[in-house]
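*Asks:* Just a sequence and a predicted model for now, questions to come.
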2 protein chains.
Amino acid sequence: MKAICLLSGGLDSCVAAAIARSQGYTLHALTFDYGQRGQTEIGHARRVAEALDVADHKVIDIDLRSLGGSALTADIEVPEAAQEGIPVTYVPARNTIFLSYALAHAEVTGASSIFIGVTAVDYSGYPDCRPGYIMAMQRVAELGTKRGVEGNPPAIETPVIDMAKHEIIERGIELQAPLEHTWSCYRDGDRACGRCDSCRLRLEGFARAGVEDPIAYADN
Amino acid sequence: MKAICLLSGGLDSCVAAAIARSQGYTLHALTFDYGQRGQTEIGHARRVAEALDVADHKVIDIDLRSLGGSALTADIEVPEAAQEGIPVTYVPARNTIFLSYALAHAEVTGASSIFIGVTAVDYSGYPDCRPGYIMAMQRVAELGTKRGVEGNPPAIETPVIDMAKHEIIERGIELQAPLEHTWSCYRDGDRACGRCDSCRLRLEGFARAGVEDPIAYADN
């Protein structure tokens, strides 16, 4: 029983993959290098994959930078304060592109499931993290793949979609997910900045879970 | 009024783009270099784009070869005889990947439509060329993009989906689409082979349309 696990190097995808592992799946990890500012993420995804003892890990280059349009791929300043509406860090159609490659990989490997660590709770600003969107992609898996036509489409699994950050952290600790190898900061560097939206959310999550974050932060 | 036009270098996408042009759209062409055997296709896509006088043309590298699984990307022999069921030339989730990038490009450019030259008539073996599949991707456009959330999703247009090959050719001639720059052969070369499934289908189409195919074929 194989699962494609999308690994970003972050907390949520690490815990989603640990949940797949706990359900008995052999893990086939998939990471996307899309010219994001946080190049650090790729290295973290590799360490998370290794710690999770995946069967294989593919890092796919995707050319989102040439399309532009996001603070994570273009030269837009990453904001430190919380924002209203859809954040500027939203990458157009990112999860759709990721899940499309995952569907292709599932066809080739025969994986029965695709695990993606989207969460609708703390990132409700992103349109492509909501349950309705995932259902639409599931329909694409049913109608647009060979295995779907044969009545056996891969299932898109979103085990952390309803969890708040502290719940994801608690579940990860329970499953001995390698949280110490994850990276959440929107900036590159040896240590996380501790100040961007993503670092704040992570730190609040660990605080609410009542455990210390195992990664290093820059002195502010 | 802008349209993203997926151009493969083939007949169907050329005519789909000519239809978009005839409806008054400014064309933003998008072509994918996915390590396909037919590298020739990319050059043809460039010439088609130029002849259609597009506003811009992006050629995006996508890494499908590393995922394998198709005669068009891996080392599987391209068949000459017609096949039953889903052809071995089916590339897993290809149109889903293409349309995902098109959705991203539509978000960034503000294009109101995406034109794709899928046809359910002559390629009914491919799951991702059928109307139900396109409707599922339209739902993804509505739920998974910023513009969709704002009530203004890009519309996925499939103007040749119900046309047989000879009808596509007739419509292309009517609209002065640059059919002479298109390429349909599954093999690379200066001239089309005239023998693979795709060449046969094209030649039958021109024969039924009662016009001569403007491209050169190898002497067989």
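*Replies:* Arrived safely. Numbering: from 1, shown residues only, chains lettered A, B, ... in the order given.

*Asks:* After the longest strand along chain A, heading C-terminal, what element do we hit next?
*Replies:* In chain A, assigned by DSSP state E, the strand with the most residues is strand A:26-33. Per DSSP states H and E, the first helix or strand lying C-terminal to strand A:26-33 is helix A:40-51.

*Asks:* And the average pLDDT for that next one is what?
*Replies:* For helix A:40-51, mean pLDDT is 93.

*Asks:* who's in contact with it?
*Replies:* Outside helix A:40-51, the residues that touch it by C-beta atoms under 8 Å, 6 or more residues apart in numbering or on different chains are A:7-10, A:13-14, A:17, A:27, A:29, A:31, A:33, A:57, A:59, A:178, A:181-183, A:185, A:188-189. In this view, the C-beta of every residue, glycine as well, is placed from N, C-alpha and C.

*Asks:* all strands for chain A, in order.
*Replies:* A:2-6, A:26-33, A:56-61, A:113-115, A:155-157.

*Asks:* quick one, the third one and strand A:2-6 angle?
*Replies:* In this structure, strand A:56-61 runs at an angle of 40 degrees to strand A:2-6, with axes from the mean of the first three to the mean of the last three C-alpha atoms, to 10 degrees as the basis.

*Asks:* Give me the packing partners of the helix or strand of chain A with the lowest mean pLDDT, helices and strands only.
*Replies:* Lowest by mean pLDDT, DSSP states H and E among the helices and strands of chain A is helix A:146-149, with a mean of 88. Packing contacts for helix A:146-149, counted by 3 or more C-beta pairs under 8 Å, 6 or more residues apart in numbering or on different chains; DSSP states H and E, involve helix A:94-109, helix A:131-143.

*Asks:* could you check the angle helix A:94-109 makes with the last one?
*Replies:* Using the same axes, to 10 degrees, the inter-axis angle of helix A:131-143 relative to helix A:94-109 is 30 degrees.

*Asks:* ok, A:Thr119 - contacts?
*Replies:* A:12, A:129, A:160-163, A:165, A:168.

*Asks:* what's the lowest-pLDDT member of those residues?
*Replies:* Where pLDDT dips furthest among the contacts of A:Thr119: A:Cys129, at 84.

*Asks:* Next one: the longest strand of chain A, is it in contact with chain B?
*Replies:* No - remark: strand A:26-33 sits outside contact range of chain B, by C-beta under 8 Å from any C-beta of the partner chain, the gap being at least 9.2 Å.

*Asks:* which of the helices and strands packed on helix A:146-149 is buried the deepest?
*Replies:* For the helices and strands packed on helix A:146-149, the largest average neighbour count (mean count of other C-beta atoms under 10 Å in any protein chain shown) is found in helix A:94-109, namely a mean of 26.

*Asks:* Give me the distance from that helix to the chain's centre.
*Replies:* Centre-to-centre, helix A:94-109 and its host chain are 13 Å apart (C-alpha atoms, centre = their mean, to the nearest Å).

*Asks:* wait, does that helix make contact with chain B?
*Replies:* Yes - Helix A:94-109 is in contact with chain B by C-beta under 8 Å from any C-beta, via A:94-97, A:99-101, A:103-105, A:107-108.

*Asks:* so what secondary structure elements neighbour that helix?
*Replies:* Secondary-structure packing of helix A:94-109 (3+ C-beta pairs under 8 Å, 6+ apart): strand A:2-6, strand A:26-33, strand A:113-115, helix A:131-143, helix A:146-149, helix B:94-109.

*Asks:* Any part of the third one near chain B?
*Replies:* No - contact of strand A:113-115 with chain B is not found when judged by C-beta under 8 Å from any C-beta; the minimum separation is 11.2 Å.

*Asks:* what pairs with that strand, and is each one parallel or antiparallel?
*Replies:* Strand pairing for strand A:113-115, determined by DSSP bridges: strand A:2-6 (parallel), strand A:155-157 (parallel).

*Asks:* Distance to A:Leu143 for those - can I get that in a markdown table?
*Replies:* Below are the strands paired with strand A:113-115 laid out as a markdown table (distance: least, C-beta to C-beta, whole Å):
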| stretch | distance to A:Leu143 |
| --- | --- |
| strand A:2-6 | 19 |
| strand A:155-157 | 13 |
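
*Asks:* Of those strands, which is nearest B:Leu64?
*Replies:* Evaluated over those, closeness to B:Leu64 peaks at strand A:2-6, with 15.0 Å, by C-beta to C-beta.

*Asks:* Find out how far stretch A:51-64 is from the centre of the chain, if you would.
*Replies:* Per C-alpha atoms, centre = their mean, the centroid offset for stretch A:51-64 relative to its chain is 12 Å.
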